[in-house]
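K.L.:
sequence plus the predicted model coming up.
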Amino acid sequence: MSIRVRFAPSPTGFLHIGGARTALFNWLYARHVGGHLILRIEDTDTARNTQAAVDVILHGLRWLGVNWDEGPLTSDATGPYKGDRGPYYQSQRQENYRLRVEALLARDMAYEHEGAVRFRMPREPIVVPDLIVGEVRRELTDREARDPDFVIVRSDGQPVFHLVNVIDDLEMGITHVIRGEDHLSNTPKHIALFRAFGVAPPVYAHIPLILNPDGSKMSKRDQGASLSTYLEEGYTPEAVVNYLCLLGWSPKDNREILPVREIIDRFDLSQILRHNARFDMAKLQWMNAEYMRAMNPDRFYELCVHALAKAGIDTNRFPLSYVKAALDTCHGKLKTFAELGGYAGFYFTDEISWDTEAAAKGFTAEGRDRLRRLRNAFGALPEFTALHLEACLKNLAGQLGVKVGALVHPARLACTGKTVGPSLYHLLEVLGRDKVFERVDRALAWNG
RNA sequence: GACCCUAUCGUCUAGUGGUUAGGACACCACCCUUUCACGGUGGCGGCCGGGGUUCGAAUCCCCGUAGGGUCGCCA
């Protein structure tokens, strides 16, 4: 029988990074075993469900490359879907739930109480066999010992999570439930429900959670908790996927950068660690830089243009060859695309401005004297190319008996307004003689 | 409060009775270098505590402690 796993998010308006990893692990497992990934939207809480909230999920998963074999194609609950076990929105499956509850009621496995329907929970402890955690025997808590039964249909007629989750898993033929460990304590309820419906429960695999850097629970408002953060701040999906995979799973061969194809080959549920992991933004950034560096120039260029547009810089105002040459000097220098605007913005502006403090430091009388000499030397150059510019600058430094840095720093500041940036010689060549001289002249005329 | 899970450098991890406890990120120093990065070399830094079992425990058991989760007419 084919393995069927599912990701069943509730549309809350954002996709938690932990949820993204759960989706990813489900996907990895499905692809590893050649099974199916089902996407099901748990939109039973009608109050906070909107199409926009579903779009956040669909968009996030697609960005990561987590594709599903069955599930909705759009954020419209009544819209098209693929798969023969639909609909895949719980709001469209109410009749199934009603029928199932009636069956439980008829067999006295559930009963009405104050308008709600309660399930008769077995009084004996239930053992949860878990692929990751092992066998978990859960005793009743003191509160449950007083009243083990639980509500499966609210008095307003709405079925609750435990019920619909189980019914859908059952009817969709889910064989493996891979979900966050926060569900582990609730699993006995689900197992009892499966048994009440006369079927064997699926195989469970509860994956550990992602915590904040300080070890506290990562909730909505915490820094980096939302997948959209990475999407918006210029991370590449490959890096995010790679990083997420290394939280709770390891290739065990000391490698960090692994193409997803290889992760699929080597991934298995039984090797997932049992303890929670803390989110380390610094490592993600490092990994993202690795992916950016290794990226082919065309894709780098494309993502750069997108990032610049988001930063309010319209590259269409400039010749294509100029934009490409400019961005080429940035390749391999950035950790995220979000840094690009600040790093390369000087290429795409007519008027650069200097920070007063930086200018006061760089454009001293001595600095300006050197800049003037550099301008003259550059002016005599037959070709305004990186090669010539470098030779020229170094030659002048030799004549003046100063370190090359003494010329490089004021020149960089004059032409870019920054103290850090791409290779000076290359950026000068890209900027071109006219712009360089114009900016140097303005710098020479600078007075606090 | 009860129940469940977990515990190796600051962080992510390798390790399944005998290792100088390995790697990566971060951090520090030096080298390279036009800045910043990259790269290179080196360094700092860990088995939560206490009892067992064993010739021998990071590894197995128990007890603490700490962190996380759950106990809803939320999902």
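P.N.:
Everything's here; your move.
K.L.:
what residues does stretch A:411-426 touch?
P.N.:
Applying CB atoms under 8 Å, 6 or more residues apart in numbering, the contact partners of stretch A:411-426 are A:329-330, A:333, A:343-344, A:346, A:352-355, A:358-359, A:362-363, A:371, A:374, A:386-387, A:389-390, A:393, A:408-409, A:427-428, A:431, A:435-436, A:439-440, A:442-443. In this view, the C-beta of every residue, glycine as well, is placed from N, C-alpha and C.
K.L.:
contacting RNA strand B as well, which ones from the residues you listed?
P.N.:
Among the contacts of stretch A:411-426, the ones lying near RNA strand B by CB under 7 Å from any atom of the strand are A:333, A:390, A:408, A:409.
K.L.:
thinking again about what came up before, just the ones of the contacts of stretch A:411-426 in strands?
P.N.:
Of the contacts of stretch A:411-426, none are assigned to strands by DSSP state E.
K.L.:
which PyMOL command selects the buried ones in these?
P.N.:
Buried residues among these (16 or more other CB atoms under 10 Å), as a PyMOL selection:
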select buried, chain A and resi 329+330+333+343+344+346+352+354+359+362+363+371+374+386+389+390+393+408+409+427+428+431+435+436+439+440+443
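K.L.:
returning to what we had before: can you add pLDDT and give the ones next to RNA strand B among the contacts of stretch A:411-426 back as CSV?
P.N.:
Formatted as CSV, those follow (pLDDT from 0 to 100):
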residue, pLDDT
A:333, 96
A:390, 95
A:408, 95
A:409, 93
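K.L.:
between the residues you listed, which is nearest RNA strand B?
P.N.:
For those, the residue nearest RNA strand B by CB to the nearest atom of the strand is residue A:408; the value is 3.9 Å.
K.L.:
ok, the closest residue to residue A:318 other than its chain neighbours - contacts?
P.N.:
Closest residue to residue A:318 apart from its sequence neighbours, by CB to CB, 6 or more residues apart in numbering: residue A:348 at 6.4 Å. Shown in contact with residue A:348 (CB under 8 Å, 6+ apart): A:308, A:313, A:314, A:315, A:317, A:318, A:326.
K.L.:
tell me the contacts of the nearest residue to the first one once chain neighbours are set aside?
P.N.:
Spatial nearest neighbour of residue A:308, excluding adjacent residues (CB to CB, 6+ apart): residue A:315 at 5.6 Å. Neighbour list for residue A:315: A:305, A:308, A:309, A:323, A:348 [criterion: CB under 8 Å, 6+ apart].
K.L.:
from those residues, which would you call buried?
P.N.:
A:305, A:308, A:323, A:348.
K.L.:
in the sheet, who's paired with residue A:119?
P.N.:
residue A:110, residue A:150 (DSSP bridges).
K.L.:
that one reaches residue A:149, doesn't it?
P.N.:
Yes: the criterion here is CB atoms under 8 Å, and residue A:119 meets it with residue A:149 at 6.0 Å.
K.L.:
stretch A:13-20 near RNA strand B at all?
P.N.:
No: Stretch A:13-20 does not reach RNA strand B (CB under 7 Å from any atom of the strand); its nearest approach is 9.8 Å.
K.L.:
hmm, who's touching that stretch?
P.N.:
Against stretch A:13-20 from outside (CB under 8 Å, 6+ apart): A:9, A:48, A:50, A:52-53, A:56-57, A:60-61, A:64, A:180, A:209-210, A:218, A:220, A:224-228, A:240, A:244, A:279.
K.L.:
gap between the two ends of it?
P.N.:
14 Å (CA to CA, to the nearest Å).
K.L.:
ok, back up a step: from residue A:281, how far off is the residue nearest to residue A:308?
P.N.:
29 Å (CB to CB, to the nearest Å).
K.L.:
with residue A:90 instead?
P.N.:
34 Å.
K.L.:
likewise residue A:165?
P.N.:
Taken as CB to CB, the span from residue A:165 to residue A:281 is 32 Å.
K.L.:
which of the contacts of stretch A:411-426 fall in helices?
P.N.:
The helices, defined by DSSP state H, take in A:343-344, A:358-359, A:362, A:371, A:374, A:386-387, A:389-390, A:393, A:408-409, A:427-428, A:431, A:435-436, A:439-440, A:442-443 from the contacts of stretch A:411-426.
K.L.:
hang on, residue A:213 packs against residue A:277?
P.N.:
No: assessed by CB under 8 Å, residue A:213 is found out of contact with residue A:277, at 10.7 Å.
K.L.:
which of those two has more residues huddled nearby?
P.N.:
residue A:277 (17 against 14; other CB atoms under 10 Å).
K.L.:
skip the chain neighbours and tell me the closest residue to the more buried one.
P.N.:
Per CB to CB, 6+ apart, closest to residue A:277 is residue A:247, 4.3 Å.
K.L.:
residue contacts, the one you found?
P.N.:
So residue A:247 contacts A:21, A:210, A:277, A:279 (CB under 8 Å, 6+ apart).
K.L.:
count the neighbours of residue A:76 for me.
P.N.:
12.
K.L.:
from RNA strand B, how far out is residue A:379?
P.N.:
Distance of residue A:379 to RNA strand B, given as CB to the nearest atom of the strand, to the nearest Å: 20 Å.
K.L.:
wait, residue A:164
P.N.:
8 Å.
K.L.:
any idea which element the residue sitting furthest away from the middle of chain A lies in?
P.N.:
Most distant residue from the mean C-alpha position of chain A: residue A:399, 52.4 Å away (CA atoms, centre = their mean). Using DSSP states H and E, residue A:399 falls within helix A:386-400.
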